[in-house]
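Q: coordinates for the following, if possible.
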Amino acid sequence: MFIDEALIYVRSGKGGDGMMHFHREKYVSRGGPDGGDGGRGGDIVFEVIPTLNTLSAFRQKQRFIAEDGRGGGPNNMSGRYGKELVIQVPPGTLIYDSDSGELLGDLVGAGQKLVVCKGGRGGRGSQHFASPSNQAPRTAERGEPAEERNLKLELKLIADVGLVGVPNAGKSSLLAAVSNAKPKIANYPFTTLEPNLGVADMDAETSLVLADIPGLIEGAHRGAGLGDAFLRHIQRTRVLIHLLDGLSEDPISDFSQINSEMALFDKHLAEKTQVVALNKMDLPDVRQRWPKIKKELQKRGVEEPMAISAVTGEGVRDLLWKAVQALREAPEPEVEEKIPTYRPEEDPREFHLETVEDGWRVHGAAIERAAEMTYWEYEGSVRRFQRLMNALGIEDALREAGVEEGDTVYIGDFELEWRD
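A: Reported below is the predicted structural model:
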C-alpha cells in the first residue's frame, strides 16, 4: 500500500553519567580522582534512500529511540558512545515538528541526511573537578538528557512529468502502456486511489519518470476526494501531461476545472508547462468530436493539443517526446543543498518564574538540563548547581519575587527547599 503521511515519535540517546571515583592502588593511600566521562548519546538521523518510494515502513513502527551513552568508569575510562539511529526515507520526504508545525527538513537527494535530535553530552567524571584547593572533589556530572520530538512525515513524489486529469481520463492506462508500472485499472471513477510512479524509456539516452496522480474533482484543493493529499505530489514535477477524457460530456470544462483546482491549491502549479492530450481516440465518437475540441483548446491558449489512445498506442510516443522537449526547456528545479539541522531558537540561558500552590517553579532550558545532570547525593555537585543558579541570576530573581525560607522550588522533575 502506498503511504505518503506518517506520525512518529523520536528520541535521541541520553548522555552517559560521569563517574565519581578515587584512584585505588596498593601502597597508594591517597589516590586522586580518576572518575571517567560518560559517552555521548546517539543522534536521530534521517537519510534518503533512492530505492524507497513510500512511507509504508512507518505503519509498523512509530517510535524510534537512539542508544544511550554508557557511564564512565574508574581509571579515567570514558564510557562508550551511543550509536546513532538512522531512519531511512524516500526522496521527496518533508519532515515537520508536529507540535509546532515547523518544517525541519526537505530531503530530496540520494544520501542526504538530517539530524533532528542530537544525543545528550556525556557527563564529566570527577577527574575534571580537582583543583589546587580541592584535590579530592566529591563531584561529577550526570549525562545530558535526551532530546525528543513528535514528527510528521509527508512524501511528495519526485517525477519529471505528472499525469493530471479528471477521474477515468485514462492516466493509469497511459502509465501502464509506456512503463513497467502496474496500476489497478477499471472503468469507473476513482479507480486510482494512490499515486503511481513509472519510467518510460524513450531511447538509449532518454527516459522519463512519470507520476500518475489520482483524478481530481471540484473542491480537490479543499480535500474533496482526497484531492489535497494528492495535489502535493505534482508540486515537484517540472512538466504536466494534462489528459482529457474523450467520453466526457464536456472535456473543455474538465480542462478548466483541473487547472482551477491546481491554482487554488498552489499558484505555482498553474505556471507549470502542460502538454494537453485528448484520450480514447480508438472510439469513433471521440475521433469525430476531436476537431471541435482541438479548436476550443486552441482558443484557450493550448498551442498544440494532441490526440491519443492509451489502449492502442496511437499518438502516445509523440506525446511523450513532446513532454521530453518541454522538460528540456523547463527551468531546473532549485534544490536546497545545505540540509538544516535543528537548533533551538531561544537562548537556553533564559528562564522565568511561575508561582505554584506551595512554592515556585523555575522554567529554563539551561537550568533544567543542569538539574538533570546533577548528582544530588554528592555535596560537591550540589554546591556546583547552586553556583550555576547564582550565575544565571535565578537566586536574585527568586529573592526579588519574595521567596521565603522553607519554600519549595521546583526545577524540572526536582523539588528543592529554599534556604538563605
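Q: how many neighbouring residues does Glu368 have?
A: 18 (other Cβ atoms under 10 Å). Any C-beta I mention is one placed from the backbone N, CA and C, and that applies to glycine too.
Q: tell me what the host helix or strand of it is packed against?
A: Using DSSP states H and E, Glu368 sits within helix 365-372. If contacts are counted by 3 or more Cβ pairs under 8 Å, 6 or more residues apart in numbering; DSSP states H and E, helix 365-372 sits against helix 379-391, strand 408-411.
Q: what is the neighbour count of the closest residue to Tyr378 other than its chain neighbours?
A: Distances taken as Cβ to Cβ, 6 or more residues apart in numbering put Arg138 closest to Tyr378, at 4.8 Å, once the chain neighbours are dropped. Other residues lying near Arg138 total 18 when counted by other Cβ under 10 Å.
Q: which residues touch Arg138?
A: Met20, Ser126, Tyr378, Glu379, Gly380, Ser381 (Cβ atoms under 8 Å, 6 or more residues apart in numbering).
Q: for the nearest residue to Asp201 once chain neighbours are set aside, what are phi and psi?
A: With Cβ to Cβ, 6+ apart as the criterion, Asp201 has its nearest non-adjacent residue at 5.0 Å, and that residue is Ser207. Backbone torsions of Ser207, given as degrees, to the nearest 10, read phi -140, psi 160.
Q: any chance you could map the helices in the stretch 301-420 of the chain?
A: Using DSSP state H, counting those that start in this stretch, the helices assigned to the stretch 301-420 of the chain run over residues 316-329, 365-372, 379-391, 394-401.
Q: same list (those) but as a markdown table, adding distance to His352 and mean pLDDT.
A: Formatted as a markdown table, these follow (distance: least, Cβ to Cβ, whole Å; pLDDT from 0 to 100):
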| stretch | distance to His352 | mean pLDDT |
| --- | --- | --- |
| helix 316-329 | 55 | 91 |
| helix 365-372 | 11 | 88 |
| helix 379-391 | 14 | 88 |
| helix 394-401 | 9 | 90 |
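Q: pick the most buried one from the ones you listed.
A: Most buried of the helices of the stretch 301-420 of the chain by mean neighbour count (mean count of other Cβ atoms under 10 Å) is helix 365-372; its value is a mean of 18.
Q: that helix to helix 379-391, inter-axis angle?
A: Computed with axes from the mean of the first three to the mean of the last three Cα atoms, to 10 degrees, the direction of helix 365-372 lies at 170 degrees from that of helix 379-391.
Q: okay, helix 365-372 in PDB with CA atoms only?
A: C-alpha atoms of helix 365-372 as PDB (Å, rounded to 0.1, in the frame of the first residue of the first chain):
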ATOM      1  CA  ALA A 365      16.400  25.100  29.300                       C
ATOM      2  CA  ALA A 366      19.900  25.500  30.900                       C
ATOM      3  CA  ILE A 367      18.800  25.200  34.500                       C
ATOM      4  CA  GLU A 368      16.500  22.300  33.900                       C
ATOM      5  CA  ARG A 369      19.200  20.500  32.000                       C
ATOM      6  CA  ALA A 370      21.700  21.200  34.800                       C
ATOM      7  CA  ALA A 371      19.300  19.800  37.300                       C
ATOM      8  CA  GLU A 372      19.100  16.600  35.300                       C
END
